[in-house]
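S.K.: What shape does this take:
(one chain, ligands or ions: 1)
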Amino acid sequence: MKIGILALQGGYFEHQEILIRLGFETVLIKEVKDLKDIEGLVLGGGESTTIKKLISLPLKNALIKKIEKGLPTLATCAGLILLAKEIEGEEPYLALLDIKVKRNAYGRQSNSFIKTAKIPKISENYLELEFIRAPIISKVYNNTIILLELEGNIVAVQQGNILGLSFHPELTNCLEIYEYFRKIINEAKLV
Ligand code: GLN
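M.R.: Modelled structure (predicted):
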């Protein structure tokens with residue numbers, strides 16, 4: 001099962017490491033040709049404004065087309081911001097996920113934190129969730145499901161084949177989240 005990881009800026013190696021550990025084949029995505037034959041996509045964390053600048057227009061359009069067609073996508077932090085249909089105070093970018101996000105909602109890098117929480121749809125285990133200059137999801141609409149709210153803030157959602165997280169599962173080894181993503185990919189294959 002081959003997973004593409006957008007690799008223009010930010011923490012993509014950590015996602016790759018975990019995916020390889022779990023037996024996935026991976027490819028780092030920098031241009032359109034890298035998207036060939038992938039069955040899943042990871043849009044990881046970093047700086048969304050920088051990633052936007054580094055994505056070529058053909059790559060942007062190809063990503064939109066593939067995700068719209070149902071490519072299972074795990075979007076974390078900056079990746080979540082890129083996918084959101086609405087960004088507070090800014091124009092949206094890929095605009096595919098029915099949520100509104102507020103960037104840097106928890107403050108600066110020094111306000112980063114780890115919280116332990118259960119996401120019942122994903123696992124019965126408590127997971128360590130790391131937030132780094134994280135966005136919060138301020139609104140969810142249409143068919144998007146809330147998977148986790150922490151202290152009144154929505155931080156994990158699912159819209160069909162898209163799993164959107166405010167935090168970084170790759171940094172605390174949240175293998176359960178990748179296993180859940182595998183499930184989404186397997187179910188997408190059956191359709
Ligand atoms: N603050 C970053 C942004 O707005 C996201 C932070 C992250 O991905 N850890 O793009």
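
S.K.: Spatially central, which residue of this protein would that be?
M.R.: When C-alpha atoms, centre = their mean is applied to the chain, the residue found nearest the centroid is A75 (0.9 Å).

S.K.: That one pairs with what?
M.R.: Beta-bridge pairing of A75, defined through DSSP bridges, involves L43, G164.

S.K.: list the contacts for it?
M.R.: Residues in contact with A75, defined by C-beta atoms under 8 Å, 6 or more residues apart in numbering, are 42-43, 82-83, 97, 162-165. The way it works is simple: take the backbone N, C-alpha and C, and place the C-beta from them, glycine included.

S.K.: What lies in contact with whichever helix in the chain runs longest?
M.R.: Residue-count comparison of every helix in the chain, with assignments taken from DSSP state H, identifies helix 175-190 as the longest. The contact list for helix 175-190 (C-beta under 8 Å, 6+ apart) reads 1, 18-19, 22, 24, 39-40, 70-72, 74, 119, 121-123, 125, 127, 161, 163, 165, 169.

S.K.: list the buried ones in it?
M.R.: Buried residues in helix 175-190, counting neighbours by 16 or more other C-beta atoms under 10 Å, are found at 176-178, 180-182, 184-185.

S.K.: Of the contacts of A75, keep whichever come out buried.
M.R.: By neighbour count, with 16+ other C-beta under 10 Å, the contacts of A75 hold 42-43, 82-83, 97, 162-165 as buried.

S.K.: Please, where are all the strands along the chain?
M.R.: In the chain, the strands defined using DSSP state E lie at 2-6, 25-29, 40-43, 73-76, 84-87, 97-102, 113-118, 126-131, 136-140, 145-150, 153-159, 162-165.
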